[in-house]
Structure formats: structure tokens, C-alpha cells
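S.K.: what follows is a predicted structure for the sequence shown.
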Amino acid sequence: ELERTGQPTLGNVVAPTEATSTAVNINCNACERKVEVEVCLRTDNYPAESTLRVENDDGNVRLEIKDLTKADKKYCKTKMLCPGKHDVIVKDANCDGMGNSSGKVTISSRMGKILDKTLTNFGCTYEK
């Protein structure tokens, strides 16, 4: 768990009905404004099998990375998110994870890294 005063924090692991995810708390010191975050997924040798979703506390998809075509490539999206808990869900359609260790998910804001995780043989869904 990464926690620094005034910095983004990585929350507890949660388990929605279909997939296991990591809850990410995106906070800025007592503010009510949105926070710009960059979410990146580096693919393995089978990019078309991988997807990443960021959902808010209500289960609404706030950001999605899918339809990937290039192996060992970093795909990133930037989104303005409201402060609070967000679930990060990485799925592998072939249920073999990202076995060659090139798979990686990172989430950053201007305040620093929120999540930086190398993905290997996680099965169908990423869980921490």
C-alpha cells in the first residue's frame, strides 16, 4: 500500500461479482475538483486478449483500454476523475494472464504514481 500525506493512495483490494480488482483512491487535499490521471497498460505477446477498465464506486466505466493490436506496447489514456474510490480491472480473454512479464499497469497523476504493477500469470483477471 502506497500512502503519503497529500499524495494519491492505493486503497484496499475489492472483489466485484465477476472480476477481482484493485480499488484506487484518488484524492487531493480536501478539494472537490477532478484529478487528471493517466492510466497505462503495457501488452504482452497477445495484445488482443487484454483489456483494462476503471470504474467508479457506482460501477460506471470511467475509462477503458481495449482493442489492442501491438505486442509489448504501452497504451495510455488520460481522464479527469472525481476524487474517491475507483476499481481497476484487467482482464485476459485466454485466462493465462501476461506470462512473459512484459505486461504492466501504471496509474499516475501530477502528484505521483498511484499504481505501478508488473502483471504475469494472473489467470482471467488481475488481482492483487
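M.R.: Ah, there it is.
S.K.: element containing Lys113?
M.R.: strand 112-118 (DSSP states H and E).
S.K.: got the buried residues for that strand?
M.R.: Ile114, Leu115, Lys117 (16 or more other CB atoms under 10 Å). Where you see a C-beta, it was placed from the backbone N, CA and C, and this is true even at glycine.
S.K.: so, low pLDDT: which residues of the protein?
M.R.: Counting by pLDDT under 70, the chain contains low-confidence ranges at 1-32, 99-101, 127-128.
S.K.: list the contacts for Asp96?
M.R.: Neighbouring residues of Asp96 by CB atoms under 8 Å, 6 or more residues apart in numbering: Asn121, Gly123.
S.K.: host element of it?
M.R.: Applying DSSP H and E, one finds Asp96 in no helix or strand.
S.K.: then Asp87?
M.R.: Taking DSSP H and E as the definition, Asp87 sits inside strand 84-92.
S.K.: gap between that strand and the chain center?
M.R.: Here strand 84-92 is found 5 Å from its chain centre; the criterion is CA atoms, centre = their mean, to the nearest Å.
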